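J.: Here is a sequence with its predicted model. Questions after.
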Amino acid sequence: MKSLKFLYILVICCVSGLAAQQTPASEQSKDFAVIGATAHIGNGEVIENSIIVVRSGRIETIGKADEIVIAMGNIDVINAEGKHIYPGIIVSNSTLGLVEVDAVKASSDQAEIGTYNSHIRSLIAYNAESKVVESMRPNGVLLGQVVPRGGRVSGTSSVVQFDAWNWEDAAVKVDEGLHINWPNTFTRGRWWLGEDPGLKPNKNYSKQIQELSNYLSESKTYNSGDKSVTNLPYAAMAGLFDGSKRLYVHANDEKSITDVVTFAKANGIDKLTIVGGYEAHKVAELLESNNVSVMLRRVHTRPNSQDDDYDQPFKLAKALVDAGVLVSLETSGQMERMNSRNLPFYAGTTVAYGLSKEQALELITLNPAKILGIDKDYGSLESGKSGTFFISEGDALDMRTNILTHAFIDGRAISLESHQTKLWKRYAEKYNDGK
Amino acid sequence: MIKNVLWLLMFACSIPIFGQDYFPNNSGVATKNSNYTLFTNATIYASPDKVIKNGSLLIKEGKVVSVGKNIKAPKNATIVDLSGKFIYPSFIDIYTAFGVKKPERVRGSGPQYDAGRSGFYWNDHIRPEQEAMYLFKYDSKAASSMQKLGFGTVNTSIQDGIVRGTGALIALNDEGDNSVRVLDPASAQFLSFSKSVQSRQSYPTSLMGSMALLRQMYNDANWYAGGNSETTDLALEALNRNKALPQIFEAGSRSNLMRADKVGDQFGIQYIIVGGGDEYERITDVKNTNAAVILPLDFQKAFDVEDPFLASTLSVSDMRAWNQGPYNPAILEKNDITFALTTHGLKSVKDFKSNLMTAVSKGLSKETALKALTTVPAQLLGKSDVLGTLKAGAFANFLISSGDIFDKETTLYENWVQGEAHIINTMNAHDIRGDYSFSINGKQIEMSLNGTIEKPKATLKSGGQKLGSKMSYNDDWMTLTYTESTDSPKAFTRISAKTSDGKTLNGKATLPNGDVVAFSATKAEGKSDEKKKGGQKDSESSNMFAVTYPNVGFGFKDQPKSETILFKNATVWTNEADGVLENTDVLIKGGKIAQIGKDLKAGGARVIDATGKHITAGIIDEHSHIAATSINEAGHNSSAEVTIEDVIDDEDIDIYRNLAGGVTSIQILHGSANPIGGRSAIIKLKWGASADNLVYDESPKFIKFALGENVKQSRSQNGIRFPQSRMGVEQVYVDYFSRAKEYDDKKKSGQAYRMDTEMEVLAEILNGERFISCHSYVQSEINMLMKVAEQFNFRINTFTHILEGYKVADKMKEHGVGGSTFSDWWAYKYEVNDAIPYNAAIMHNVGVTVAVNSDDAEMSRRLNQEAAKSVKYGGVSEEDALKFVTLNPAKLLHIDDRVGSLKVGKDADVVLWSDHPLSIYAKAEKTIIEGVTYFDIEKDRELRAALQKEKSELINLMLEDKNKGLKTQPIQKKEKELMHCDSLD
């Protein structure tokens, strides 16, 4: 009986896979239990031979299968023996859904003109039907922070889940944070104008920080007044001062990061995250003692400088985690959107360079959930949290075994098909027929 | 009226000593000065290796009459006694743009593909018809600064363009006019790899394009010289005319020096090459070119490393250049490389002297330095009979100095050019340097004069307290102003005194109150100790940091050697019929795989316990762009004439990083800017070997083709280059292959033909001697190219990227082409909308030879993981997946007889992995090529530590360098405060 139900769910998956656009799954109508898998909780713990019961979109129970007794009456059972369960992976600092094809300008909505764009909101441009977003799910990447780019203040980010009809439907946390691109400490000469292309201190660095400071204090003043004349950018800053929004500052070098921490303190901002953080390990103590988290730049990148260790980007996570800094992994950079499905493998790489597998998993599940302020519902497999997880044939951090059989968002059994799997099946069949 | 007189006077002054005999004279009676001048009692460097003590030099009419001992003065001779002084031949700078204004950049927008001139070569950057002589205007200001450095002759040129035309040899004779100064109006022909600013013609856009263009130009010139052209080409005519001249090539770096020489060698031309000062990095290679080098002396200044954040951005190679650069001339000397020194490349020519002194302090012998400034440039220009030495008949171009010209304290008095004296410092100045003691207004003052003879500096003390002072010394007159102390408001005493013997100073002193008193001071017996100024000793005390191969971070101090190694008890991925062997030993010996089996005997081999570890063949990347200084030649829609082999960068740190990812061989492909790209370089990542030694022996020949958005310039706002659509792309191929066929037919028929590299390369494809790796995306274009190839009876070898290969996999199999694809890239442009990660699996299942490539310096160091994605996407077996990055790319590159699998007899290109090679958790621990361990994870840790240590040492030296300056700085500041010098300076 158990196995019959299992098959039934598989059949549903396959059938929905044939639809033109993957239809978002409907709300969970029936309780289900996943039994026998190794559950990677997301907080560092592992439960072998686990049982997870999901009711009304939430995890009702999680524990050892041989210790928990559940009523098997009106419940679907998924036998996941030998398989692994993981919380839905969360992409930090992403532009998924904002751009479809990198080189086609018409498909890009990731950046606005202007310098201080605090009023710009990424969520409303998020394309819930993006084929790129759809391709995240088969790898277990189920949620993401959608971040606008450009400007000194880029705008406001939101967290979405990746199986939705529209952006309202997708929204998990709306306008959760504000993004600042920190001024460069060093600039290079414009060689095409005959300037020395070498690195020089940015002469305008302190001026640019001062401007930013002024912007913050002006908006603070505005928000404490009667606002009789509307100022949209200032108004959008309010959340920073009342603590409802997190401040994300995109910065990489040691000096910048140190300055960011001072800057945030001076402006009374205590929810601070560094995005990038290539040299964050050099000031890890400062970050840890000030409760500053880091969304660490893409693991699969080249070292910044010629003399850096070849594995510098691979081992940064370990250095920060060891120092007690709250770290998540981000994916920005060249081809960032389509590459975000490789996030589990970025985490896997940090294992090769020092972390344990469960620590690495935290970097893409519970840690980003904590930073994004959604850890009450997402990020780990814990009773009371959302039923957002996936089942993999094997170790999901290794590409050979990251093979999903099921994925759920808020208890909804979502499709693992995509534009790409459809083409795969179509052409695989074409050649099979020919044989 | 007065004006006219003045004008006449000026004209009279400028009458040259060699009158132009056949010129009418309207300015007075004809005059000719045929007097002799005899310089006696000097130490004369007649040539760098011929020194005459107490010698004499006799000159007349701008030429040397004789030089030697005891020369009798003719009756009409002026005799100049130079007791204690030195005479040298004046210097020659063989590479300048003296008096030639740099051409201005033409402006315009949008690309320009065609030539802007008619009647000349098809490429505007080939300008052999230019003649510097006609742009030349004597620049007395620039001449004066050169004369001060000791230069008497300069070779000038138009420093613009790939072929730059002829230069002129100019004597720095302020008195003469061009009829006298111009020693040779066409002294040499000049070349470089840089395009002219006088044209916006796109081609060449790359270094390899410049090289190809030069080669084609020489071929065309030969063909033109044979009278084969029906049209006129003034550029080629000029080129052929200039053939006999010395050919001076501005390379600007060691690597470009090698490149220039390579081009020259192919056409029997030995360029004289302007180097970059980094020749020491691979001195043997430079030596083997047999090229004479023109060496700039623009040594790097110490970096400002006080800001640790900025300092941390410096690479060790930048820092080493500061330390190592000044040793370059000495190293060239040691290696018997002929070189001349030039002021070229210096921001301020004034730095030449101090840099020259630095070079001498770093081991450059004075004799070679002198040669590099006199006989070598003279000989390179074929002017040894008249320049560079002092002998009968040579120009009277010589220097008079107070002593050894390479000594810092030496004063250059006079620079004679063509018998005309240019006074740099007066020779008659008495040396007043020394300690004096005098009393003024009841105060005893100690004065010490230091510095050079012509510009001594005063230090005054009274009662142990230092006084603020300022002095000047001219024509035996010393003027000195000093103030006693700060508290008496601005009380200045002024002294003016004259010497007639350099020992006593007599004159008067004007006191602060206006009273004038007599002044007299006598030098104390025994010369005061010359206090050495700071910054002099440092250079000698610090040693040269070791040059590594390559000379960047993680380079090897000693090239690693091939070893006999026995790996014990590994999991061995053979890629052969044996499959994966557990608990197996692998012996490598003589650079080859010698044995694979159980319990192999070690013999003399180094034994490595590989228990729990995996051994695979080295990873091969079919599509890489690392280790090259240029990738695209985008100036034409076909660039078959260029080759990446010309532009390999053996110093690219990505070579090392790729080794750390288990990569041993790569194909460096041309980019995808045009339908017919350039030829590939297939190399092994032998970190430390020089560019040419990276390339495979008897390398299979490859060329890059490209289809789709890139070649039709889809993202360019103003694409005007054909083709702009996929329809046009097909026609480009049909057109070129048709022409290549006609070319080849003509060639094979024995008829005369114009050698055309582009056609040669395309004909190789038609003849099955060269393989195409074609960048491709959508199925229509993939299909099209296969049909074009079939039309011309050849096969495409590889489709690279080939993201829609899965849609036409059956057709690919039938055609016999392989597919080298990305594992999972897509969505970055419109044409990859249908790219799927299952592509490799589908093509593989249909029977196409599949490789997974990187096209990316980061991804290439994780290609094993990219291959592993085929296990996930499409269920390829692990063994087959590994072949996607080892044996299959070897097959596609036609090197599978040498690499790609672990088979006895194949090259020992192997990787020792810490874990299953397809696992995300695996690290390459050793990467071995032909038995040489180029990457070793343990050794890497040592290199990291060594790198950090070296950088700290260099930073300390730089700080020391700067602080030495600081030590002297505060003293100057203090003086200024005392002096309130705002009023005096």
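T.: That came in fine, so what should we check first?
J.: rest of the way, CA atoms for contacts and neighbours
T.: OK.
J.: Provide a list of residues in contact with the closest residue to residue A:116 other than its chain neighbours.
T.: Of all residues not flanking residue A:116 in the chain, residue A:153 sits nearest, at 4.7 Å (CA to CA, 6 or more residues apart in numbering or on different chains). Counting by CA atoms under 8 Å, 6 or more residues apart in numbering or on different chains, residue A:153 touches A:115, A:116, A:117, A:118, A:178, A:179, A:180, A:181.
J.: Would you mark the buried spots in stretch B:433-442?
T.: Buried residues in stretch B:433-442, counted by 16 or more other CA atoms under 10 Å in any protein chain shown: B:433, B:434, B:435, B:436, B:437.
J.: Need the contact partners of it.
T.: Stretch B:433-442 has contacts (CA under 8 Å, 6+ apart) with B:444-451, B:453, B:456, B:502, B:509, B:511, B:519-524, B:527-528.
J.: ditto for stretch B:92-103
T.: Here stretch B:92-103 makes contact (CA under 8 Å, 6+ apart) with B:132, B:135-139, B:142, B:151-160, B:197-198, B:294, B:340-344, B:373-374, B:377-378, B:388.
J.: Generate a ChimeraX selection restricted to the buried entries among those residues.
T.: A single ChimeraX command selects the buried members of the contacts of stretch B:92-103 (16+ other CA under 10 Å):
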select /B:132,136,138,151,152,153,154,155,156,157,158,159,160,197,198,294,340,341,342,343,344,373,374,377,378,388
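J.: ok, the residue in the stretch 51-200 of chain B that chain A sits nearest to - contacts?
T.: Closest to chain A within the stretch 51-200 of chain B is residue B:105: 12.4 Å, counting by CA to the nearest CA. Going by CA under 8 Å, 6+ apart, residue B:105 touches B:197, B:198, B:199.
J.: can you give me how far stretch B:491-500 is from the chain middle?
T.: 52 Å (CA atoms, centre = their mean, to the nearest Å).
J.: Show me which residues of that stretch are buried.
T.: Buried residues in stretch B:491-500 (16+ other CA under 10 Å): B:491, B:492, B:493, B:494, B:495, B:496, B:497, B:498, B:499.
J.: Disregarding residues adjacent in the polypeptide, which is nearest to the spatially most central residue of chain B?
T.: Taking CA atoms, centre = their mean as the criterion, residue B:253 is the residue nearest the geometric centre of chain B, at 1.2 Å. Among residues not flanking residue B:253 along the chain, residue B:276 sits closest, at 3.7 Å (CA to CA, 6+ apart).
J.: any idea where the strands of the stretch 801-950 of chain B begin and end?
T.: With DSSP state E, counting those that start in this stretch as the criterion, the stretch 801-950 of chain B has strands at B:818-821, B:850-852, B:910-913, B:924-929, B:932-936.
J.: Looking at chain A, which helix is longest?
T.: Ranked by residue count and defined by DSSP state H, the top helix of chain A is helix A:205-224.
J.: Just checking it against chain B, any contact.
T.: No: contact of helix A:205-224 with chain B (CA under 8 Å from any CA of the partner chain) is absent, the minimum separation being 13.7 Å.
J.: for that helix, packing partners?
T.: Under the contact criterion of 3 or more CA pairs under 8 Å, 6 or more residues apart in numbering or on different chains; DSSP states H and E, helix A:205-224 touches helix A:232-235, helix A:238-241.
J.: how about these, which one is nearest residue B:561?
T.: helix A:238-241 (61.0 Å; CA to CA).
J.: name the helices or strands packed onto that closest one?
T.: On a contact count with 3+ CA pairs under 8 Å, 6+ apart, helix A:238-241 meets helix A:205-224.
J.: Distance from the helix it packs on to the middle of the chain?
T.: When C-alpha coordinates are averaged (CA atoms, centre = their mean), helix A:205-224 and its chain have centres 29 Å apart.
J.: farthest pair in the contacts of residue A:153?
T.: Spatially, the most separated pair among the contacts of residue A:153 is A:115 and A:178, at 13.6 Å (CA to CA).
J.: between these two, which one's more packed in?
T.: Ranked by neighbour count (other CA atoms under 10 Å in any protein chain shown), residue A:115 and residue A:178 place residue A:178 first, with 28 against 13.
J.: Enumerate every residue touching residue 277.
T.: If you meant another chain, say so; for now it's chain A. Contacts for residue A:277 (CA under 8 Å, 6+ apart) come out as A:250, A:251, A:252, A:253, A:257, A:294, A:295, A:296, A:297.
J.: that's the wrong chain, I wanted chain B
T.: For residue B:277, the contact set (CA under 8 Å, 6+ apart) comprises B:253, B:254, B:295, B:296, B:297, B:298, B:299, B:325, B:328, B:329.
J.: Find me the pLDDT at it, would you?
T.: Looking at residue B:277, its pLDDT stands at 96.
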